[in-house]
Structure formats: structure tokens, C-alpha cells
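1. Could you work out the structure for the sequence below:
(one chain, ligands or ions: 3)
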Amino acid sequence: MINGAIPAGLLSAVRSERPLVHHITNSVTINDCANITICTGAAPVMAEAPEEVAGMVGAAGALVLNIGTLSATQVEAMLIAGRRANELGIPVVLDPVGVGATRFRTETAHRLLDALAIAVVKGNAGEIGVLAGTGGSVRGVDSGGIMGDPVETARECARSTGTVVSMTGAVDVVTDGSRIYLVGNGNPMMDRLSGTGCMASSVTAAFAAVADDFAVASAAALAAFGLAGERAACGARGPYSFRTALFDELAGLAPDDLAREARIEER
Ligand SMILES: Nc1ncnc2c1ncn2[C@@H]1O[C@H](COP(=O)(O)OP(=O)(O)O)[C@@H](O)[C@H]1O
Ligand SMILES: Cc1ncsc1CCOP(=O)(O)O
Ligand SMILES: [Mg+2]
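-> Numbers count the residues shown, from 1 in each chain. Ligands and ions are numbered 1, 2, ... in the order given. The predicted model follows:
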């Protein structure tokens, strides 16, 4: 297990620095992403007009590119914002929502990975399997699973893309291609809501904004989000009361709680 003081320190840093997290994201979960960013302790802004994204990202601590409801104009905006973020050294988190489901999504994900220095790719197992080229299936935005070993899939994706890969699931796998972190926090209720994957990217970006090590930041973010999910599940009557509790529990999560209850195993 990695020492809980590490994720706890990052959560404290998010709360004290309150970084701005610029999102170019989908129209389904955009409000959830804004609010989970606030509950983490950071500040969200959603801006996607090509005319303003370079200006906006200049004030940000991290940039999220989420391809959930893509359009050609959004791709243009992602490239402009991503290039400016790279010039300024601002970490970029790519959420390749539904990659593999259509040619447009797959081509766009590869185009972003080729054109930009992406710090973290955060996706579900199917999405990471597609990007790794090792076999993954995606139906709509849902993972249909992967061929082979999850750790090897994530590692291959990290190596082929040159990014930190954060692959979510019952146990999250985070790797930079050499180090492997397995995050055990979370609850199956998180899989019964649309948007928990997108929110995981927002939380990851908030942590990346205050970190130098994006693999550790990604694992810490998933531990914090997963721990909020564990606590939220306790009193929930179903997916929607769980959803409300998920925001409340993350907002109320103290760094000391995370220090004690984060379950991040280094392989
Ligand atoms: N069965 C599960 N047990 C615990 N946590 C889960 C489970 N399924 C998903 N999660 C958590 O829910 C979040 C979203 O993951 P996932 O469902 O894989 O993403 P997506 O919504 O992109 O398909 C992650 O933080 C992950 O750890
Ligand atoms: C349902 C849906 N359709 C396009 S984007 C989106 C949300 C996907 O969110 P998540 O991957 O976090 O469940
Ligand atoms: Mg997703």
C-alpha cells in the first residue's frame, strides 16, 4: 500500500490552491463535472468556443478534454486549448469517452494523442483496450470488456501513447508504463449512474493541477473519489440518492480520512 499521507497531501493542496480546471466536455454530464470539481476543492470552468479556449486555458491549472458528445468545432477547440496548455506546461487529461464505438471518436482520440502532449488518459476498460490496440469493446459509452490481462492492457496503452493511463473499474489500474498502482476504493453503485467516469476525469485533473507526478495524482484522485463512493453507498436508497450523497461525501472528505482509508497498492 502506498502511504496514505501522499493522497491526503494532494487533497489538502487542491483545497488550499483551488486550481481552475478548464473542461471541454460533453453535454450529458457537464453539470456533474462542474459540481464534482467544486466538491473536490477546485474551481471548474466550461468553455469550448474556439475563439476563447486559448485565453481560458491560460488561467487554468489543468485541462480536461472529454470526447463524449464530439463535434468538428469541439475538436478544433480541443486542439487549440491543448496546444496552449502544452506551451504553458498545464497538464491535459483526456477522457476518450466511447472511443471504438464510431470511427469519428477513434480518429479524434488518436488525433489528440498525436497532436498534443497528454498527461493522463482516463478511460474505462473497453476504451483503454481500444486505444492500446490489444482488444477492447465499447458499446455507446459503456465498456464491453477487454481481451487479456487488465494490467498488461493499461501498461501497453501507456507505452504506446506515452501517457499515464488511468483505467477505471472495480479495481482501477494506473500506470505510466513502468509503475503500476491498483486502487481498491469504490463501490458498485458508481457503475449504475451516467457520469461517474467523466467525474473521475474532473477529480483527476484537479489533483494533477497540484502535482508533479501524474501517476500518483491519478491514483490519489481515484482513491478520493472511490472513498466518497463507498461512504455514499451506505445510506443510499438507489442510484439517485447515491448520486447526491456522492457529491456530499466528496465535499466532506477530510485529508485525514483519505490518509487512513485510501487503498492504493503499488505492484
Ligand atoms: N464495480 C465497481 N466497484 C467499485 N468502483 C467502481 C465499480 N465500477 C466503477 N467504479 C468506479 O466508478 C468510476 C467510474 O468508472 P467506470 O464505471 O469504469 O467509468 P465509465 O463511467 O467511464 O464507464 C471510477 O471511479 C471507478 O473506480
Ligand atoms: C451517456 C453519454 N453519452 C455521451 S457522453 C455520455 C456520458 C458518459 O459518461 P460516463 O462515461 O462518465 O458514464
Ligand atoms: Mg467514461
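
2. where does the stretch 1-150 of the chain come near ligand 2, residue by residue?
-> Residues of the stretch 1-150 of the chain lying close to ligand 2 by Cβ under 6 Å from any ligand atom are 26, 28-29, 68-69, 97, 141. No exception for glycine: its C-beta is placed from N, CA and C like everyone else's.

3. Between the residues you listed, which sits nearest ligand 3?
-> Of all these, Val97 has the smallest distance to ligand 3: 4.8 Å, by Cβ to the ion.

4. Could you measure from the residue nearest to Asp172 when sequence neighbours are not counted over to Met190?
-> Closest residue to Asp172 apart from its sequence neighbours, by Cβ to Cβ, 6 or more residues apart in numbering: Val183 at 4.0 Å. Computed as Cβ to Cβ, to the nearest Å, the Val183 to Met190 distance reads 12 Å.

5. what touches both of these two?
-> Common neighbours of Val183 and Met190 (criterion: Cβ atoms under 8 Å, 6 or more residues apart in numbering): Gly226.

6. More neighbours: those two, which one.
-> Using other Cβ atoms under 10 Å as the criterion, Val183 and Met190 rank with Val183 on top: 28 against 25.

7. My read is that that one contacts Gly169, right?
-> No. Counting by Cβ atoms under 8 Å, Gly169 is not a contact partner of Val183; they are 9.7 Å apart.

8. Any regions of the stretch 1-150 of the chain where pLDDT drops low?
-> Within the stretch 1-150 of the chain, the set of residues satisfying pLDDT under 70 is empty.

9. As a check, name the ranges of all helices in it.
-> For the stretch 1-150 of the chain, the helices defined by DSSP state H, counting those that start in this stretch cover 5-17, 30-40, 53-57, 72-88, 103-115, 125-132, 150-161.

10. so which of the ones you listed gets nearest ligand 3?
-> The nearest among those, by Cβ to the ion, is helix 125-132 at 6.6 Å.

11. Taking helix 150-161 as reference, get the angle to that closest one.
-> Angle of helix 125-132 versus helix 150-161, following axes from the mean of the first three to the mean of the last three Cα atoms, to 10 degrees, is 40 degrees.

12. helices and strands around helix 125-132, which ones?
-> Contact partners of helix 125-132 among helices and strands, from 3 or more Cβ pairs under 8 Å, 6 or more residues apart in numbering; DSSP states H and E: helix 103-115, strand 120-124, strand 136-139, strand 142-146, helix 150-161, strand 164-168.

13. if you set the cut-off to 10 Å instead, what comes out?
-> In terms of contacts (3 or more Cβ pairs under 10 Å, 6 or more residues apart in numbering; DSSP states H and E), helix 125-132 is packed against helix 103-115, strand 120-124, strand 136-139, strand 142-146, helix 150-161, strand 164-168, strand 172-175.
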